[in-house]
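In: Sharing a model prediction with you, sequence too.
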Amino acid sequence: MDSGKIVSFKDKTGISHSLIQRLLKKAKDYGLEAIFPFSVDKIIIAEWVNLKCCYGCNRYNTNWCCPPATPDIERVRTVLGEYSTALLLVGTQTCPDFYRNNARKRANQVRYWKGTLSLERMLFLQGYYKAFSLVGETCALCKECAYPEACLFPQEKRPCVESFYIDVIGTLKNLGTTSKVAKHRNESFSYYGIILVE
């Protein structure tokens, strides 16, 4: 993917190149490096993604932004059917603490979370009133989620991408690109968020 695709897709999405550039400028303040508009029909959703949440993540059933607190696959299909365009947000990080639950990792998660929501708000203010974020990584706004008690930040509560059954790697392939998987703790890796727009 390169910035040339942003320009060529402009007529189909209705999102101007200048707006993408303004979003990208703000995104960089939060560690995000690229924004690519694409058609929602390129998103691949699959049941197996939820299995990875259920059987591979310690956030399952402990967080308002993760399953089972998030929509089921049929509702996800319905929601995606109400949108034609999405923005893929891309960042890169090195995180030797990926499997640890410490302050440095949490600070990065909160930064990306707030960045994604600030872009959603910016889109809303530009007239894209249906803009809705699916955030990369899980919510870390609280050191420990209040789930199942009421969320302490309901206005900032958003599902993470995978909790929407989105096969991120398959979707990237559908978009003509791939993602490098970090095989060692000190390798950099990409993370992805999505903002649905109409």
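Out: Cool, the structure landed.

In: Touching the strand or helix carrying residue 76 from outside, list them.
Out: Secondary structure from DSSP states H and E places residue 76 in helix 73-80. By CB atoms under 8 Å, 6 or more residues apart in numbering, the list of residues contacting helix 73-80 from outside reads 40, 43, 45, 47, 50, 71, 164, 165, 196. In short, each C-beta sits where N, CA and C put it, glycine included.

In: which stretches of this protein aren't confidently modelled?
Out: 1-13, 95-102, 182 (pLDDT under 70).

In: now the helices for it?
Out: With DSSP state H as the criterion, the chain has helices at 3-13, 17-28, 47-56, 73-80, 103-125, 168-174.

In: got the angle between the second one and helix 103-125?
Out: Counting by axes from the mean of the first three to the mean of the last three CA atoms, to 10 degrees, helix 17-28 points 160 degrees away from the direction of helix 103-125.

In: Not counting helix 17-28 itself, show me its contacts.
Out: Helix 17-28 is contacted by residues 6-7, 10, 32-35, 37, 87, 89, 115, 118-119, 122-123, 126 when judged by CB under 8 Å, 6+ apart.

In: try stretch 148-163
Out: By CB under 8 Å, 6+ apart, stretch 148-163 touches 49, 52-53, 64-67, 69-71, 113-114, 116-117, 120, 132-139, 141-142, 145-146, 168, 192-194.

In: Now it - C-alpha only, PDB.
Out: Extracted in PDB, the C-alpha atoms of stretch 148-163 (Å, rounded to 0.1, in the frame of the first residue of the first chain):
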ATOM      1  CA  PRO A 148     -19.200  -6.700  34.400                       C
ATOM      2  CA  GLU A 149     -19.900  -3.500  36.400                       C
ATOM      3  CA  ALA A 150     -20.600  -0.300  34.500                       C
ATOM      4  CA  CYS A 151     -17.800   1.000  32.300                       C
ATOM      5  CA  LEU A 152     -16.000   4.000  33.800                       C
ATOM      6  CA  PHE A 153     -15.400   5.500  30.300                       C
ATOM      7  CA  PRO A 154     -18.600   4.700  28.400                       C
ATOM      8  CA  GLN A 155     -18.000   7.500  25.800                       C
ATOM      9  CA  GLU A 156     -14.600   6.100  24.900                       C
ATOM     10  CA  LYS A 157     -15.700   2.400  25.000                       C
ATOM     11  CA  ARG A 158     -15.100   0.800  21.500                       C
ATOM     12  CA  PRO A 159     -14.700  -2.800  20.500                       C
ATOM     13  CA  CYS A 160     -11.300  -4.000  19.400                       C
ATOM     14  CA  VAL A 161     -10.900  -5.100  15.800                       C
ATOM     15  CA  GLU A 162     -10.700  -8.800  16.600                       C
ATOM     16  CA  SER A 163     -13.800  -8.700  18.800                       C
END
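
In: returning to that earlier point: please, a PyMOL command that selects the buried ones among the contacts of stretch 148-163?
Out: Only the buried entries of these go into this PyMOL selection, using 16 or more other CB atoms under 10 Å:
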select buried, resi 49+53+64+65+66+67+69+70+71+113+116+117+120+132+133+134+135+136+137+138+139+141+145+168+192+193+194
